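**Student:** A predicted structure for the sequence below; I have some questions about it.
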Amino acid sequence: MTYDARAVANFFLSQADERDMGLTPMTLLKIMYFAHAWYLVKYDKPLVGQPFEAWKHGPVSRVVYDEVKQYGSAVVSEKLKKFDPRKLEFAYANDSFSMEEEQLLIDVFRYYAQFHAYQLSDLTHEVNSPWDKVWKEAETKAVPGMFISNDMIKEWFSVPGGRLKVVPD
């Protein structure tokens, strides 16, 4: 089962609240990307159902960006919403993660939340990373949507020993 990206974002926003720290949109988007990558490696399936796109400052989940862009470089202060067709209204995006999934997300958060957004962006911009490959491909031909495939992400993070030598248990 994949999850809505906004629900995953809300999980990380809750983690930040519990630790009395704020997340900027850029930091939130990068942590989500790393969580998606490690989830792909561990479970061989995507964490979020929506694709990540290669944007100037790194991988972005468009549905999350659309909800948090209003904050600019300030801390995201509200949980994200999505349309609930059963209630015919917008409601906070939530999902139930298994205990094992939740622990993975917590481990990813604890590790990556300690870095500044620009450091996280640098990590996503490594030469030959999935973002780098899509970005460079777009210099010579059209790349509709600038989508970063899950296969590329999984391959990059599956390097023996762990892409960044951090594989949350």
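**Tutor:** Everything's here; your move.
**Student:** from Ala9, how far out is Ala93?
**Tutor:** Using CB to CB, to the nearest Å, Ala93 is found at 8 Å from Ala9. For the C-beta atoms, the positions are set from N, CA and C on the backbone; glycine is no exception.
**Student:** all the helices of the chain, residue numbers only.
**Tutor:** For the chain, applying DSSP state H gives helices covering 5-18, 25-43, 62-68, 99-112, 117-124, 130-140, 150-157.
**Student:** skip the chain neighbours and tell me the closest residue to Tyr65.
**Tutor:** With CB to CB, 6 or more residues apart in numbering as the criterion, Tyr65 has its nearest non-adjacent residue at 6.5 Å, and that residue is Leu29.
**Student:** what is the neighbour count of the one you found?
**Tutor:** A total of 28 residues lie near Leu29 under the criterion other CB atoms under 10 Å.
**Student:** for it, give me its contacts.
**Tutor:** Counting by CB atoms under 8 Å, 6 or more residues apart in numbering, Leu29 makes contact with 58-61, 64-65, 68.
**Student:** of those, closest to Phe34?
**Tutor:** Pro59 (9.2 Å; CB to CB).
**Student:** distance of the closest one relative to Thr27?
**Tutor:** Distance from Pro59 to Thr27, by CB to CB: 13 Å.
**Student:** just to check, Pro25 is in contact with Val75?
**Tutor:** No. The criterion here is CB atoms under 8 Å, and Pro25 misses it with Val75 at 9.0 Å.
**Student:** when the two are compared, which one has more neighbours?
**Tutor:** More crowded of Pro25 and Val75, by other CB under 10 Å: Pro25, with 22 against 14.
**Student:** do you know the pLDDT at the closest residue to that one other than its chain neighbours?
**Tutor:** The shortest distance from Pro25 to any non-neighbouring residue, by CB to CB, 6+ apart, is to Val68 (4.0 Å). Here, the pLDDT recorded for Val68 equals 97.
**Student:** pull the contacting residues for Val68.
**Tutor:** Each residue near Val68 by CB under 8 Å, 6+ apart is listed here: 9, 25, 28-29, 76, 80.
**Student:** and what of Glu101?
**Tutor:** Residues counted as contacts of Glu101 (CB under 8 Å, 6+ apart) are 39, 43.
**Student:** quick check: it vs Lys45, distance?
**Tutor:** For Glu101, the distance to Lys45 (CB to CB) stands at 11 Å.
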